[in-house]
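Novice: Sequence and predicted model, in that order:
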Amino acid sequence: MFSTDSPSSTSIHHGKTHTCANGVQLHYRIQGDGPTTLLLLHGFAASSVTWEELRPYFPSDRYRLYLPDLKGAGLSAKPRDGAYRPEDHAALVLDLMEGLQLHDAVLVGHSLGGGIALFTWEMARESRRERLIGRLVLIDAAAYPQRLPRFFAYLRMPVAGSLILHLLPLKVMVRYNLEHVYHTPDEVTEERIARYSGCFTGRNTAYALIATARQLDPAVYQHRLPDYGKVTIPTLIVWGRHDRVIRLPAGERLHREISGSRLVVLDAGHNPHEERASDCATAIRAFMEEHG
């Protein structure tokens with residue numbers, strides 16, 4: 001169905017920092033100087049490193065990629081302020097986009113980052129800043145309340161969450177998570193374990209992970225979701241057929257609710273942008289060319 005494009009030679013500019021209006025500092029990296037701009041939002045217990053296998057498929061002369069670490073992740077600030085709801089993240093993403101003077105950007109979000117992308121679009125529409133976002137790409141997006149994944153549920157427990165993050169050997173914890181994310185065991189490579197290990201270390205990282213998990217209450221978000229029927233910009237939905245974290249019916253529902261959206265299903269688990277990076281990139285690039 002998709003071509004097997006080879007990754008191109010790309011380079012990441014040195015990391016930069018944006019200070020939001022509320023003082024929170026967001027770290028981001030830039031790749032390329034092309035005319036088409038993408039801003040990519042990672043998911044829970046991740047950082048911008050989640051895009052390492054996807055970004056080489058976007059040539060630097062054609063695309064400009066902004067790869068931020070969300071608040072509480074990577075090299076971004078991790079304040080102990082309790083403000084880790086998807087809406088809180090979305091407000092900071094809008095602040096970043098305005099600070100970067102983006103226009104008509106392609107907003108890409110994976111998992112929790114996909115949910116944040118949808119909240120960001122809604123906030124942009126309500127505040128008449130629609131100019132910032134021209135297209136949406138939602139990869140296995142957290143768009144609906146659901147039963148929480150086991151690791152997520154553990155972090156919500158008053159004592160267990162802190163004990164897990166502080167006492168469980170790092171490599172064991174990362175491997176456990178990745179085994180539930182990828183479709184097959186051979187996808188859990190030492191390289192990927194090393195890449196994600198940094199997402200569980202650092203000052204206040206445990207606090208940020210626990211705060212995020214505890215503020216994602218399915219019962220609450222049943223009444224706080226954006227109205228997906230009001231999404232009017234071109235939208236691509238990419239899903240892993242074997243996703244056990246957010247199952248395919250959620251993607252099919254989102255496709256039905258966003259009028260005119262396109263759904264692409266790949267032979268992958270929860271992270272098709274890693275497991276099937278070439279196919280995922282091909283789908284995104286074809287979508288952008290069609291709606292350029």
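Specialist: Looks like it came in fine.
Novice: how much space is there between the closest residue to Glu275 other than its chain neighbours and Glu126?
Specialist: In this structure, Glu275 finds its nearest non-sequential neighbour in Ala268, 3.9 Å apart by CB to CB, 6 or more residues apart in numbering. Using the backbone N, CA and C atoms, a C-beta is placed for each residue, glycine as well. Distance, Ala268 to Glu126, by CB to CB, to the nearest Å: 34 Å.
Novice: repeat for Leu236
Specialist: 23 Å.
Novice: can you check Tyr144 too?
Specialist: 21 Å.
Novice: Those two - which one has more neighbours?
Specialist: A direct count of neighbours by other CB atoms under 10 Å for Tyr144 and Glu126 places Tyr144 higher, at 17 against 11.
Novice: Which helix or strand contains that one?
Specialist: Tyr144 is located outside every helix and strand, with elements delineated by DSSP states H and E.
Novice: Over to Arg192?
Specialist: Judged by DSSP H and E, Arg192 forms part of helix 190-197.
Novice: Packing partners of that helix?
Specialist: helix 170-181 (3 or more CB pairs under 8 Å, 6 or more residues apart in numbering; DSSP states H and E).
Novice: how about the helix it packs on: buried residues?
Specialist: By neighbour count on 16 or more other CB atoms under 10 Å, the buried set for helix 170-181 is Met173, Val174, Arg175, Asn177, Leu178, Val181.
Novice: So for the last one, what's the nearest residue that isn't a sequence neighbour?
Specialist: It refers to Val181. His270 (4.6 Å).
Novice: Tell me who's in contact with that neighbour.
Specialist: Ser111, Asp140, His180, Val181, Tyr182, Gly240, Asp243, Arg244, Val245, Ile246 (CB atoms under 8 Å, 6 or more residues apart in numbering).
Novice: now it: how far from Tyr57?
Specialist: Look at His270 and Tyr57: by CB to CB, they are 19 Å apart.
Novice: Low-confidence bits of the stretch 1-150 of the chain, can you list those?
Specialist: The stretch 1-150 of the chain contains residues with pLDDT under 70 at 1-6, 8-9, 11, 13.
Novice: can you give me the helices in the stretch 151-292 of the chain?
Specialist: Using DSSP state H, counting those that start in this stretch, the helices found in the stretch 151-292 of the chain span residues 160-167, 170-181, 190-197, 205-215, 218-221, 248-257, 272-275, 277-290.
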